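K.L.:
Let me see the structure of the following:
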Amino acid sequence: MPIHSCNATSSLHNLYDAVWTFVPHEQIDFRKYMTISSLVIECYSPDVEDPPTRRTPWCMLGRGLPENVLRCSGHIDLFACLHSAQDMDNDEPFTLPSLKHRFPLLQQLIIRNTYPDDGCTHPVYIKSLTDLPLTLQILDIRNSLIENIGQIVSELSPNLTALHLHNNHFPIHITALSPYLQSIYCHGETLTNDLHLPQHTSVISFIHSTFKYIYPHPSLLQHNLFRLDRLIVAGCHSPYDETILSIPNTQFSLKILHIFNTNSHKYYIHFANIPTKIRISSNDDLQNPIVIALNLASNYPRRMAEFFA
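P.N.:
Just a heads-up that it's a prediction; the model follows:
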């Protein structure tokens with residue numbers, strides 16, 4: 001299906017420039033879409049025989065796109081299915097081709113399906129992304145079958161300022177976040193490892209998700225306890241007390257202190273258990289200076305825990 005440049009309102013209350021219903025092996029001249037800065041990508045399974053055929057876009061007048069980019073207005077048929085379900089005879093989800101060179105100025109990418117309108121949604125029939133433009137600042141992935149979201153976020157999105165993840169089907173392993181990240185939203189997600197938040201993160205929201213530990217930047221505790229604009233953790237499986245983190249009116253400073261104290265407690269437990277893990281095979285081991293030092297729970301292990309906490 002062709003890419004349609006339209007101005008509509010997304011669920012994030014932002015404007016996007018174009019909607020692309022991805023069909024594998026479709027021939028598209030991407031040259032006329034290279035100035036697009038905000039894009040929605042949809043991808044439907046071959047068993048969805050009647051993909052979206054009607055939208056209500058807003059006119060894009062004044063957005064400054066070149067004349068050769070398709071504009072639309074009013075109630076018109078934007079989507080005419082160029083491929084039937086039989087044309088897509090692949091039972092496996094698709095790999096999205098490179099976006100880096102097709103949309104070199106892209107700043108916001110939303111991956112989701114919006115059909116049908118009765119509230120029932122189909123998962124986005126994409127299993128992996130290949131790359132993203134370095135200009136990308138906002139990434140929003142919803143209800144997808146994408147398996148490498150963690151790699152995309154960790155390795156291929158160095159300039160992200162906002163990350164939104166909503167009810168994706170596979171666990172997500174994020175090893176690093178963009179140093180410019182300002183907000184992170186996770187709803188219905190499973191994160192498999194600890195998250196070390198950059199210095200500029202100002203909004204944190206985890207709803208109905210599973211995650212391990214959150215490590216805010218130390219400057220939040222050392223310099224300005226009120227720096228976070230929003231910190232919400234609710235309905236999650238996590239190490240934290242949601243009676244503190246789920247209440248909007250709780251002071252941000254108390255929420256930050258609770259996170260730091262919970263993280264510190266983890267380290268204290270770890271180092272306090274060192275004596276129970278030391279193997280003693282002979283009486284000579286009891287005289288080993290290292291064994292003696294590590295059994296002094298009020299000394300070296302405690303100091304190590306304080307250092308890491």
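K.L.:
Can you name every helix or strand that the helix ranked longest in the chain contacts?
P.N.:
In the chain, with assignment by DSSP state H, the single longest helix is helix 252-272. Counting contacts by 3 or more Cβ pairs under 8 Å, 6 or more residues apart in numbering; DSSP states H and E, helix 252-272 packs against strand 214-215, helix 219-222, strand 230-234, helix 242-245, helix 300-308. The way it works is simple: take the backbone N, C-alpha and C, and place the C-beta from them, glycine included.
K.L.:
Go ahead and confirm P97 touches D131.
P.N.:
No. Using Cβ atoms under 8 Å, P97 makes no contact with D131, being 9.3 Å away.
K.L.:
where does S154 land in three-state SS?
P.N.:
helix (DSSP: H, G, I helix; E, B strand; the rest coil).
K.L.:
Read off the pLDDT value for it.
P.N.:
Note for S154: predicted pLDDT of 95.
K.L.:
How about the contacts made by it?
P.N.:
By Cβ atoms under 8 Å, 6 or more residues apart in numbering, the contact list for S154 reads I174, T175, A176, L177.
K.L.:
Just give the number of residues close to the second one.
P.N.:
Each residue near T175 was counted by other Cβ atoms under 10 Å, and the total is 13.
K.L.:
where's it, which helix or strand?
P.N.:
Counting by DSSP states H and E, no helix or strand carries T175.
K.L.:
ok, it to A18 distance?
P.N.:
For T175, the distance to A18 equals 31 Å [Cβ to Cβ, to the nearest Å].
K.L.:
Lowest average pLDDT across the helices and strands packed on helix 252-272?
P.N.:
Taking the mean pLDDT of those, helix 300-308 comes last: a mean of 59.
K.L.:
can you tell me which residues contact I152?
P.N.:
Contacts for I152 (Cβ under 8 Å, 6+ apart) come out as L129, L132, L139, I146.
K.L.:
same thing with R230?
P.N.:
By Cβ under 8 Å, 6+ apart, the residues touching R230 are S202, V203, I204, S205.
K.L.:
top of those by neighbour count?
P.N.:
Ranking the contacts of R230 using other Cβ under 10 Å puts I204 first, with 23 neighbours.
K.L.:
domains of the protein?
P.N.:
Here the domain assignment for the chain is 1-146, 156-251, based on automatic domain parsing.
K.L.:
In a markdown table, list these along with distance to K266.
P.N.:
Listed next are the domains of the chain as a markdown table, based on distance: least, Cβ to Cβ, whole Å:
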| stretch | distance to K266 |
| --- | --- |
| domain 1-146 | 29 |
| domain 156-251 | 7 |
